[in-house]
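In: one predicted model, sequence on top.
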Amino acid sequence: MQPSHTSGAPRHSEPVQRLVAAVAVLLVCAMTLPASMAGPSSGVSKEDCLVLAERQGALAPLTLLEQCSALYPRDVELLDDLGRGYETAEPARAETAYVQALSIDPGYADLKLRLARLLLRRGATAAAITEAEGALRLQPNRRAIVDFLAEARQAAMNP
């Protein structure tokens, strides 16, 4: 003998009711979340920015990277890309982008090495060595870091 339904509603309506209740909860949450929790007003997602930059190749326009970074100012990868874009023409801006990225993620050894190379090129040998030593602490015995550190120490001995 099967249990009888006393509500008069078909049995399959219970999952539908749960779904409606879940949607209602989501709508209430969406209406009560602060505006700062919403995505950028431009409607461009971080992924869209990155895809557009990737499609442009290694020579992605700096304006695109600047716009993406403005939308997502704490995105380390965007800051890294922006710094690389600035390295040749505007090394001071590259340094600023790298320092900002490292303030967000101090454990990014490749970025420390990039900053160290930039510092050495502009003649800030002591700062370059400090950054390279920090990178080496993060990735001990990494050949590129060890080689750069030797180069920077040699430059410090022969100014």
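Out: Everything's here; your move.

In: contacts and neighbour counts: CA atoms only from here.
Out: Will do.

In: hmm, L149 is touching G134, no?
Out: No: between L149 and G134 there is no contact under CA atoms under 8 Å: 10.5 Å.

In: so which of the two has more stuff around it?
Out: Of the pair L149 and G134, L149 is the one with more neighbours under other CA atoms under 10 Å, namely 23 against 20.

In: Three-state assignment for V99, please.
Out: Taking DSSP: H, G, I helix; E, B strand; the rest coil as the rule, one finds V99 in the helix state.

In: next, the closest residue to it other than its chain neighbours: secondary structure please.
Out: Excluding its sequence neighbours, the residue lying closest to V99 (CA to CA, 6 or more residues apart in numbering) is L115, at 7.8 Å. Per three-state DSSP, the local secondary structure of L115 is helix.

In: contacting residues for L115?
Out: If you count contacts by CA atoms under 8 Å, 6 or more residues apart in numbering, L115 has them with 95, 98-99, 128, 131.

In: what helix or strand is V146 on?
Out: helix 143-157 (DSSP states H and E).

In: equivalent analysis for D81, please.
Out: Counting by DSSP H and E, D81 is part of helix 76-86.

In: who does that helix touch, helix- and strand-wise?
Out: helix 62-71, helix 91-104 (3 or more CA pairs under 8 Å, 6 or more residues apart in numbering; DSSP states H and E).

In: reformat the contacts of L115 into a markdown table and put distance to P140 and pLDDT next to each item.
Out: Formatted as a markdown table, the contacts of L115 follow (distance: CA to CA, whole Å; pLDDT from 0 to 100):
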| residue | distance to P140 | pLDDT |
| --- | --- | --- |
| E95 | 24 | 97 |
| Y98 | 21 | 97 |
| V99 | 22 | 97 |
| A128 | 17 | 97 |
| E131 | 14 | 97 |
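
In: out of these, who has the most neighbours?
Out: Of the contacts of L115, with other CA under 10 Å as the count, A128 tops at 27 neighbours.
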